[in-house]
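Novice: How does the following fold in three dimensions:
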Amino acid sequence: MRRLIVVVLGCALALTGCSGDPGADAEFHVAAPAALFDAPLGVTLTGLPPGGDVTVRATTTDQNGQAWAATAVFRADQDGRVDPAAQAPLSGDYTGVHDTGLLWSMISPEPSAFEAPAGGEPVRLTATADGRTVAESSVTRTEDAPGVVEKSVDEGFTGTYFAPGGDHSPGPAVLTFGGSEGGASAGVRNARALAAKGIPALGIGYFDVPEGPKALRSVPLEYFAGALRWLAGQPGVDPKRLYVIGASRGSEAALLLGVHYPDLVHGVVAASPSAVLYPGLPDENQAAWSFGGRPLPHIKPSEYGFVTPAETPAAIIPVERIRGPVLLLCGEADRLWPSCTAAGAIATRRGDRPTTEVREPDAGHFIGNPVPNHPSRPDAQAGGGTQADALGRLDAWPKLLKFLGA
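Specialist: Have a look, this model is predicted:
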């Protein structure tokens, strides 16, 4: 969906008029009125007093009505210009030179993850100097590329399918799902973003959804296989180029699918991965996964954090049996579990089989949600990283698309 940008000259907004006031000639310049989530922000500010300080504030409201905001203070150059793509803020909610810093550094006081509004994320930009508003503008960031078709699916699994517009020769497609948060939102978000880049994608939930268990226990791998078979039959999908993406606890399922369904799964992305099977939730005495009607072995709570558990070696995921390539994405500051240690163990176990490790320094557990430029979760620090997560996503996203053949 495309929307017109609103650019209002500071002269029209300044409360004291245009009679030579500093900043009275300020205005935003925006490269694109609407852009995909992974595009540069492309915003500059001109007409400022040379060497003067200006505060730029970005605000938005998500699908749930939550307010998000970020602020950065810049110093205008000798031409009275501010360019976030070339200048680091003097202070504010992010550090360093980052064109989209005002987007991904937005935070909310509410303890919930950001959910992009349907139809696009309207971002309001406001510039203030000496306590006065000198310029305003708005941009729209969207996850929906023109022509993408969205379809809810209830075929023995619960999910949403996104098909890129236009006629394409059959190509790769992705089944994506999240972790222990349950529901389908994480998988759907990633699927929407992938379709915007031209990759057909199906986002599903596997527990706490109508077609799945209510909790993370005894989730049958056959559930995912049914979704993969459905995906393989869609127009524009090459059934010999199916990938799965799973994050956190979902990484276990993604790797297991590669192990047990080599004819269905031709590549695996394990984000914030585990090298072993953890028990179910909330009952740690039950298995999280089952195959062929039998629970799969899992580690004991006393073995949490180990990638080679001595008491339950059968809980180690036999990743050497995955035929296709594997991409492992992790943050080296993950505080929820040692995902980079797990990634290293997986890579070692696979030997010379095609395996790519993407390690993001200082990033935390939530690097497992790879779509870039979204505001940070308010509780992101608990998983390690905040700004590092955002920068890690910006680095990892194009590597993920390359891995998927986009």
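Novice: all contacts plus neighbour counts: C-alpha atoms, from now on.
Specialist: Will do.
Novice: If we go by neighbour counts, what in the helix ranked longest in the chain is buried?
Specialist: Ranked by residue count and defined by DSSP state H, the top helix of the chain is helix 387-403. Using 16 or more other CA atoms under 10 Å as the test for burial, helix 387-403 gives 387-400, 403.
Novice: could I have that helix exported to CSV, CA atoms only?
Specialist: Provided in CSV are the C-alpha atoms of helix 387-403 (Å, rounded to 0.1, in the frame of the first residue of the first chain):
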residue,chain,number,x,y,z
GLN,A,387,20.5,-1.6,20.1
ALA,A,388,22.8,-4.6,19.4
ASP,A,389,19.7,-6.6,18.5
ALA,A,390,18.6,-3.9,16.0
LEU,A,391,22.0,-3.7,14.4
GLY,A,392,22.2,-7.5,14.3
ARG,A,393,18.9,-7.7,12.4
LEU,A,394,20.1,-5.2,9.9
ASP,A,395,23.2,-7.3,9.3
ALA,A,396,21.4,-10.7,9.4
TRP,A,397,18.4,-9.9,7.2
PRO,A,398,20.2,-9.7,3.8
LYS,A,399,22.2,-12.8,4.7
LEU,A,400,19.0,-14.6,5.4
LEU,A,401,17.5,-13.5,2.1
LYS,A,402,20.6,-14.7,0.2
PHE,A,403,20.4,-18.0,2.0
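Novice: I'd like the distance from it to the chain centre, please.
Specialist: 9 Å (CA atoms, centre = their mean, to the nearest Å).
Novice: on contacts alone, who are the packing partners of it?
Specialist: strand 326-331, strand 355-360 (3 or more CA pairs under 8 Å, 6 or more residues apart in numbering; DSSP states H and E).
Novice: And those: which comes nearest T95?
Specialist: strand 355-360 (17.4 Å; CA to CA).
Novice: Phi and psi next, for L256.
Specialist: When read as degrees, to the nearest 10, the backbone of L256 gives phi -60, psi -40.
Novice: For it, which non-adjacent residue is closest in space?
Specialist: I317 (7.0 Å; CA to CA, 6 or more residues apart in numbering).
Novice: quick one: pLDDT of that neighbour?
Specialist: On pLDDT, I317 comes in at 98.
Novice: remind me which residues of the stretch 301-406 of the chain are low pLDDT?
Specialist: 377-385 (pLDDT under 70).
Novice: now swap in the stretch 101-250 of the chain and tell me
Specialist: In the stretch 101-250 of the chain, residues with pLDDT under 70: 111.
Novice: which stretches of it form strands?
Specialist: In the stretch 101-250 of the chain, the strands defined using DSSP state E, counting those that start in this stretch lie at 121-129, 132-142, 149-154, 158-163, 171-177, 201-205, 219-220, 237-247.
Novice: Report the buried residues of the third one.
Specialist: Of all the residues in strand 149-154, those buried under the rule 16+ other CA under 10 Å are 150, 153.
Novice: Check the offset of it from the chain's centre.
Specialist: With CA atoms, centre = their mean, you get 20 Å for strand 149-154.
Novice: got the contact list for the residue nearest to W397 when sequence neighbours are not counted?
Specialist: Closest residue to W397 apart from its sequence neighbours, by CA to CA, 6+ apart: P370 at 6.0 Å. In this structure, P370 makes contact with 190, 393, 396-397, judged by CA atoms under 8 Å, 6 or more residues apart in numbering.
Novice: just the helices and strands packed on helix 387-403: most buried one?
Specialist: strand 326-331 (a mean of 28; mean count of other CA atoms under 10 Å).
Novice: And it, what does it pack against?
Specialist: So strand 326-331, by 3+ CA pairs under 8 Å, 6+ apart, packs with strand 267-271, helix 339-350, strand 355-360, helix 387-403.
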